[in-house]
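Engineer: any chance you can model this:
(chains A, B, C and D)
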Number of protein chains: 4
Amino acid sequence: MSRKLRMGMIGGGRGAFIGGVHRFAAGIDGQIELVCGALHVDPEIAVLSGQDLHLNPERIYKTYHEMFEKESKLPSDQRMDFVSIVTPNHVHFEPAKLALENGFHVVCEKPLSFSLHEAQQLQKLVEKTGLTFALTHTYTGYPMVKQAREMCQSGAFGKIRKVVVEYPQGWLSTPVEQTGNQQASWRTDPKRSGKAGSVGDIGTHAENLAETITGLKITELSADVTTFVENRLLDDDANVLLRFNNGAKGVLHCSQISAGEENALNIRIYGEKGGLQWHQHDPNTMFVKWLDKPMEVYRTGQGYMGKAAAAHTRTPAGHPEGYLEAFANIYQNFTKVVQARLEGTSADPVYQDFPTVEEGVRGMQFIDAVIASGQNNAAWTKI
Amino acid sequence: MSRKLRMGMIGGGRGAFIGGVHRFAAGIDGQIELVCGALHVDPEIAVLSGQDLHLNPERIYKTYHEMFEKESKLPSDQRMDFVSIVTPNHVHFEPAKLALENGFHVVCEKPLSFSLHEAQQLQKLVEKTGLTFALTHTYTGYPMVKQAREMCQSGAFGKIRKVVVEYPQGWLSTPVEQTGNQQASWRTDPKRSGKAGSVGDIGTHAENLAETITGLKITELSADVTTFVENRLLDDDANVLLRFNNGAKGVLHCSQISAGEENALNIRIYGEKGGLQWHQHDPNTMFVKWLDKPMEVYRTGQGYMGKAAAAHTRTPAGHPEGYLEAFANIYQNFTKVVQARLEGTSADPVYQDFPTVEEGVRGMQFIDAVIASGQNNAAWTKI
Amino acid sequence: MSRKLRMGMIGGGRGAFIGGVHRFAAGIDGQIELVCGALHVDPEIAVLSGQDLHLNPERIYKTYHEMFEKESKLPSDQRMDFVSIVTPNHVHFEPAKLALENGFHVVCEKPLSFSLHEAQQLQKLVEKTGLTFALTHTYTGYPMVKQAREMCQSGAFGKIRKVVVEYPQGWLSTPVEQTGNQQASWRTDPKRSGKAGSVGDIGTHAENLAETITGLKITELSADVTTFVENRLLDDDANVLLRFNNGAKGVLHCSQISAGEENALNIRIYGEKGGLQWHQHDPNTMFVKWLDKPMEVYRTGQGYMGKAAAAHTRTPAGHPEGYLEAFANIYQNFTKVVQARLEGTSADPVYQDFPTVEEGVRGMQFIDAVIASGQNNAAWTKI
Amino acid sequence: MSRKLRMGMIGGGRGAFIGGVHRFAAGIDGQIELVCGALHVDPEIAVLSGQDLHLNPERIYKTYHEMFEKESKLPSDQRMDFVSIVTPNHVHFEPAKLALENGFHVVCEKPLSFSLHEAQQLQKLVEKTGLTFALTHTYTGYPMVKQAREMCQSGAFGKIRKVVVEYPQGWLSTPVEQTGNQQASWRTDPKRSGKAGSVGDIGTHAENLAETITGLKITELSADVTTFVENRLLDDDANVLLRFNNGAKGVLHCSQISAGEENALNIRIYGEKGGLQWHQHDPNTMFVKWLDKPMEVYRTGQGYMGKAAAAHTRTPAGHPEGYLEAFANIYQNFTKVVQARLEGTSADPVYQDFPTVEEGVRGMQFIDAVIASGQNNAAWTKI
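Structural biologist: Residues are numbered from 1 along each chain as shown, chains lettered A, B, ... in the order given. Okay, here's the model as predicted:
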């Protein structure tokens, strides 16, 4: 019998967004217990945030350094098993490094780090320690994305020729970072976000989705990167031509100034015999297109769905599953893999399926390539 | 500071569907801990099911009678606070009655009971004990349904004239109850389900949705009730004309033989000045229609959404929230109300919003009226 | 070689709507020439209207009596071949009767006549004269409706069990007939429209669509018929339960007070093995549903479409064809049948496909039954 | 009183597609009469094709040279008024030139010519002769496109920042040009089509749509142009980055190997305050997006539509108008302008609205720039 895992959280206190999402996601399946946290950079808010979450006062830490130090000393049947890092980008590397060095498994927000160099260091550390590391590229947690991946990579559509992936948002159409919006503030700040704005925040999701589903690699790209809002310090729009390692061509565009758009992540893939379309706003539906037959509408939870999708669906068809369930699928799989380790076994391969430090390094390479191309008038840049 | 609530569960063990949904829903917000259960009518499966869920072995009960007896004797800081009843319809009444008599709050699956008589008894018992009782008419937990209710009842559309509500499913198009399908088996069995099949299982959702959103009451109805699948003992389809207490007219149809449909619950409401449409498969979207202006597309999480919707939304716009989150909204509100009671205060009115025994009685009246009308060649029948 | 047909028109002058539609439809295929008309009940407007249309002044008639008289005397190579009757309902019978008696083929607007009695007289006259008579139940002219008919009647879905057909409009939500709106004025006037308002104007389209596609007959119905707008003399809403001759059940609702709706004619048909959905606003698309397979999206113009649909499609897939093309399909087929007669041959059976006086009588029976049921508190009424 | 115009047609005989479309479009409004034609390059087929269309045998010409010669000699009340050129690209220039030189107005298929040089010559000739010249860039004939143009150019959305326009098709996913498909054959033949395949055939539509709606000009572009199907001689896919003269950025992609797509021309435009989306498959609908308000769904025929859209709509809302009606709008406006000339007046400005030789030259410049960029590894190329 497996036991529940004990989670510690870094970041995610009052005023945060994504920390709450991690907790929802970790809570759904009842296999994870939040036992401690260093929830805010401000120690006072950290404490209040821990109280909000009913944490044991002794395990509400004021810094993550304190957390690693004290948790490490707890008996193994109390000590946290893993840490979730839900801070802005510039505070991913150090806590992740410390976690790994102290023997804790890690769930980390994306992008993996502030710079590619940091990402590569983490990759080495994961290899060295052998610990389990999950990167929350949420969108690939959707059952339908797993179905898309299975169909593409099984050759159902023949050789892939074209990929169109896009992630338009509109919430940064105006300079909201100047109005006290905390989410906007760090995302547009090069000191906290890194060299990229929209490209890092959402462009990487598009890149990750395209490569995950197709199994192909982008080899070079040409990016027209723009900052539309005056005085903004990072990009808020990018249009990118893609070339893939099998000869396929593609378009990727991401934007935070596409007024009226929410999280309109959408992918279309075309092969020799057919293709597919999936949109994040309607995640339980996928359009499957064929040369000579009517388009088919795949739906999550149906009996014709493949094994991977089925293993990541909680309810029968007709019960919309959303973003939190996709997120929970990453936690589910991370949990199953760690639980199996604890029992000295190995998880069913269908669950050994979550983004990890590899995807994180890949994302940082993508950011570097797009920004470099953008600074060079969209010159073709290898990735 | 409020504390987490302690939940006991009746039903929901191995092979069940809705029990898992209750646990997902109760888990999302981290305010509820499952502490005990009588999870299956077969004691052995009950025990295995409790182990699956990491329950303390001493609190894995073989019957709900045992559970009520033993939990009642636990100290108040350990004893469960409430019970979730997730059994088939014929096993709602007795455990609910026992819970109330033993001082436990209740979350109960719908329909409330096997018969209207039972429902009315429960209603009296709730009134008498003053305990908190939530009925999981999930669909009204969606933020967009709360928005629809707010717009309708604020008079935005003028006097309501017409309601078209429907719930087509296709999963009982063939006699799957004869193939060992446990979900189909009890739902088509009059001994476990009551006098109604599709009408009780999903027709009540349509009725509840229509009355909840409009604030109107169905006064009489004319129902053509059919069993299409041979040898099935309960209805699998009903077409119903509705008349409302303000003079509005309506159509309600529900079906489990609408081949190819999932949970296609859909409602359209028309008033003098405009109206709305909401479909359960795309729950974060609502179409708002006007006489002379373009149709508007409302989306969950947007700033223009009203207070009730906002209070029941966990993420910003563009993060699809689904069925489990709607379900979780019932648990969230039930929890806030009970937590406030425990602290001697009262929950914010925006959270005092979940279906209760009243809606349960109403549902049983609806079932009685539809079945009576159906047996009388669709004669108009008061409700 | 066939020759162009010569058309005369009754009604359709200045201020009219449907007359223009008939002319667009007749013009598309270049096989019909408008040669004469009695275009308005007011002789002066009749003349001006004829000039608008570049008619030969000698063949602009002031009354249809004059038209029949004078056209009959023209040499056969000049005389009109057929007449299109596009007047309000109360002026269908007499000109149709005169046309038939004078040997002219007829295209007539629906509903066929003012009363069932008139309809039956016309039916006899068509039988007696053997002339070609087309009734412009436009919606069955859509290629996708023909595809639906082919699939249903070929048994693709097994025995049909349920039909849900609806036609909501919103344009009569307010008393626009009191504001000088000519279209509203005659449609709400029992002296010009007959005993039914919405039921005659659009309910008959729903009835015709359901019977045409399924090949079934409605045997009895129960109708709740309402007039919502004060001082209106005819119904503006009806909700109807249907029973079909094969045991299928159904719902039909039509409305002119469904605020915000256009011509939202929609049909869903469910059989034992699958079903379909078609919506008039997106006429080139049909959703085909199956028990165990993904829903398919059929599209006009694709190679997998059947023979009937293909014969009524003018462009390849991806070129939206609309209402006027559906209308033109009735004219196309009527023309091919009449041209074949003129040449002493017979049209390809695929083109012998348009609504005729039979459907007209059926529509009048439907109106009679709905109105009778409505006046009798929705009692079941045979049709 | 205006009179009907007399049309001659070049191309469009048996086996053709677009010629039929021109005739449908010209026929709808009853203001144009086809009086003569040189319908096929093969004289025998030309004659048979003329007979199919009931042309006067004397005016069925074997070549367009013959047509211009003989028609020029006819009395002015019989002579054709204008010529429609519906041949493959390499046979646009000469007949257009001859038409203009002989005093005939011209309707010409797009792209305007085989080469930019030819296009520029035609432009000069149109200027010199002052004759009326319409280029059938159909898609801008849709009423909703006119609405989009009006809203964009009125500043409703603020300064335009981003344009995403795409035209995916799938019909050339396999080498159908080797199977006798006449449409595929000339479009993939550089001798008949020019230097571009998909870029000329459909990319120009995307470019024309974007510039027409926004009123902006593309100043430079970077194009990745690909031929995916083996042995094909022209491009079948292109991904293009765009820069506009106001600083806006854009993406244009067109494809004929996007398996499963029809004519999925789609445009999204984003300004500072809002934006719009329009898709050719659902041409009567436009999504209008705002920063802080619900998305609005505009529909053709509604009272809130602007003057330009209203003047190009034939039926009230709810009657789908399609491709042929959009096409007919070009003919309608061309006709009104020529009729006004004949009467010595000038058409209402709302009708002086159709693509002309300017758009034709622009399209050829676009083709040149895209192909040049494509040959230069997507280097930025001025247009």
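Engineer: quick one: the strand or helix carrying residue A:270 near chain D?
Structural biologist: Following DSSP states H and E, one finds residue A:270 within strand A:266-271. Yes: part of strand A:266-271 sits near chain D under the criterion Cβ under 8 Å from any Cβ of the partner chain, namely A:268, A:270, A:271. Bear in mind the C-beta positions are built from the backbone N, C-alpha and C, glycine included.
Engineer: most centrally placed residue in chain A?
Structural biologist: Geometric centre of chain A, nearest residue: residue A:137, 1.5 Å, by Cα atoms, centre = their mean.
Engineer: residues near residue A:226, how many?
Structural biologist: Using other Cβ atoms under 10 Å in any protein chain shown, residue A:226 has 21 neighbouring residues.
Engineer: got a ChimeraX select line for the buried ones in the residues of strand A:266-271 next to chain D?
Structural biologist: In ChimeraX, a selection of the buried entries from the residues of strand A:266-271 next to chain D looks like this (16 or more other Cβ atoms under 10 Å in any protein chain shown):
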select /A:268,270,271
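Engineer: save the residues of strand A:266-271 next to chain D as a markdown table, and put in distance to chain B too.
Structural biologist: Listed next are these as a markdown table, based on distance: Cβ to the nearest Cβ, whole Å:
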| residue | distance to chain B |
| --- | --- |
| A:268 | 19 |
| A:270 | 25 |
| A:271 | 27 |
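Engineer: write out the residues of the stretch 1-150 of chain A neighbouring chain B.
Structural biologist: A:1, A:3-4, A:17, A:20-21, A:23-24, A:27-30, A:34, A:51, A:53-54.
Engineer: those residues: which two are farthest apart?
Structural biologist: Using Cβ to Cβ, the residues of the stretch 1-150 of chain A next to chain B span at most 35.2 Å, a distance reached by A:1 and A:17.
Engineer: pLDDT below threshold where in the stretch 151-300 of chain A?
Structural biologist: Across the stretch 151-300 of chain A, nothing is flagged by pLDDT under 70.
Engineer: residues from it in reach of chain B?
Structural biologist: With the criterion set to Cβ under 8 Å from any Cβ, the stretch 151-300 of chain A comes near chain B through A:169, A:262, A:263, A:264, A:280, A:281, A:282, A:283, A:284, A:299.
Engineer: what distance do you get for the fourth one to chain C?
Structural biologist: Spelled out, it's residue A:264. Using Cβ to the nearest Cβ, to the nearest Å, residue A:264 is found at 21 Å from chain C.
Engineer: who does the nearest residue to that residue once chain neighbours are set aside form a beta bridge with?
Structural biologist: Closest residue in space to residue A:264, ignoring its immediate chain neighbours: residue A:168 at 4.8 Å, by Cβ to Cβ, 6 or more residues apart in numbering or on different chains. In this entry, residue A:168 is beta-bridged to residue A:255, by DSSP bridges.
Engineer: if I look at residue A:168, how far off is residue A:258?
Structural biologist: 4 Å (Cβ to Cβ, to the nearest Å).
Engineer: spit out the residues that contact those two alike.
Structural biologist: Here residue A:168 and residue A:258 share the contacting residues A:264, D:268, D:270, scored by Cβ atoms under 8 Å, 6 or more residues apart in numbering or on different chains.
Engineer: now distance to residue A:226 too, for these, in JSON lines please.
Structural biologist: Listed next are these as JSON lines, based on distance: Cβ to Cβ, whole Å:
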{"residue": "A:264", "distance to residue A:226": "18"}
{"residue": "D:268", "distance to residue A:226": "16"}
{"residue": "D:270", "distance to residue A:226": "12"}
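Engineer: would you map the helices across chain A?
Structural biologist: Along chain A, counting by DSSP state H, helices occupy A:18-28, A:43-52, A:64-73, A:93-101, A:116-129, A:143-153, A:182-187, A:190-193, A:198, A:204-214, A:307-310, A:323-342, A:357-375.
Engineer: now these in CSV, with mean neighbour count?
Structural biologist: Formatted as CSV, the helices of chain A follow (neighbours: other Cβ atoms under 10 Å in any protein chain shown):
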stretch, mean neighbour count
helix A:18-28, 24
helix A:43-52, 17
helix A:64-73, 17
helix A:93-101, 21
helix A:116-129, 18
helix A:143-153, 22
helix A:182-187, 18
helix A:190-193, 15
helix A:198, 29
helix A:204-214, 24
helix A:307-310, 18
helix A:323-342, 24
helix A:357-375, 23
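Engineer: more neighbours, residue A:1 and residue A:17?
Structural biologist: residue A:17 (13 against 7).
Engineer: skipping adjacent residues, who's closest to the residue of the stretch 101-250 of chain A found nearest chain B in space?
Structural biologist: Closest to chain B within the stretch 101-250 of chain A is residue A:169: 7.2 Å, counting by Cβ to the nearest Cβ. Distances taken as Cβ to Cβ, 6+ apart put residue A:256 closest to residue A:169, at 4.8 Å, once the chain neighbours are dropped.
Engineer: how near is the one you found to chain B?
Structural biologist: Where chain B is concerned, residue A:256 sits at a distance of 12 Å (Cβ to the nearest Cβ).
Engineer: in contact with that residue, which residues?
Structural biologist: A:169, A:170, A:171, A:172, A:173, A:197, A:198, A:201, A:202, A:236, A:237.
Engineer: for it, what are phi and psi?
Structural biologist: According to degrees, to the nearest 10, the main-chain angles of residue A:256 amount to phi -120, psi 10.
Engineer: name the nearest residue to the residue at the greatest distance from the centre of chain A, sequence neighbours excluded.
Structural biologist: Distance from the C-alpha centroid of chain A peaks at residue A:292, with 36.1 Å (Cα atoms, centre = their mean). Leaving aside its chain neighbours, residue A:292 sits nearest to residue C:303 (6.2 Å; criterion: Cβ to Cβ, 6+ apart).
Engineer: neighbours of the one you found, just the number please.
Structural biologist: Neighbour tally, residue C:303, other Cβ under 10 Å: 10.
Engineer: okay, it: pLDDT?
Structural biologist: pLDDT for residue C:303: 97.
Engineer: okay, now residue A:76: neighbour count?
Structural biologist: 6.
Engineer: ok, it to residue D:122 distance?
Structural biologist: 84 Å.
Engineer: repeat that for residue A:12.
Structural biologist: Distance, residue A:12 to residue D:122, by Cβ to Cβ: 66 Å.
Engineer: end to end on stretch A:257-275, go ahead and measure it.
Structural biologist: 29 Å (Cα to Cα, to the nearest Å).
Engineer: buried sites along it?
Structural biologist: Within stretch A:257-275, the residues that count as buried by 16+ other Cβ under 10 Å are A:257-275.
Engineer: repeat for stretch A:238-252
Structural biologist: By 16+ other Cβ under 10 Å, the buried positions in stretch A:238-252 come out as A:238, A:239, A:240, A:241, A:242, A:243, A:244, A:248, A:249, A:250, A:251, A:252.
Engineer: stretch A:134-141 now?
Structural biologist: Buried residues in stretch A:134-141, counting neighbours by 16+ other Cβ under 10 Å, are found at A:134, A:135, A:136, A:137, A:138, A:139, A:140, A:141.
Engineer: chain center to it, what's the gap?
Structural biologist: 4 Å (Cα atoms, centre = their mean, to the nearest Å).
Engineer: so what touches that stretch?
Structural biologist: Looking at what lies outside stretch A:134-141 - Cβ under 8 Å, 6+ apart - the contacts are A:22, A:106-110, A:112, A:145-146, A:149, A:204-205, A:208-209, A:212, A:265, A:280, A:312, A:323, A:325-331, A:333-334, A:354-357, A:359-360, A:363.
Engineer: and if we set it to 6 Å?
Structural biologist: Stretch A:134-141 has contacts (Cβ atoms under 6 Å, 6 or more residues apart in numbering or on different chains) with A:107-110, A:112, A:205, A:208-209, A:212, A:326-327, A:329-330, A:334, A:354-356, A:359-360.
Engineer: start to end distance for that stretch?
Structural biologist: The first residue of stretch A:134-141 is 12 Å away from its last residue (Cα to Cα).
Engineer: near chain C, which residues of chain A?
Structural biologist: A:294, A:295, A:296, A:297, A:298 (Cβ under 6 Å from any Cβ of the partner chain).
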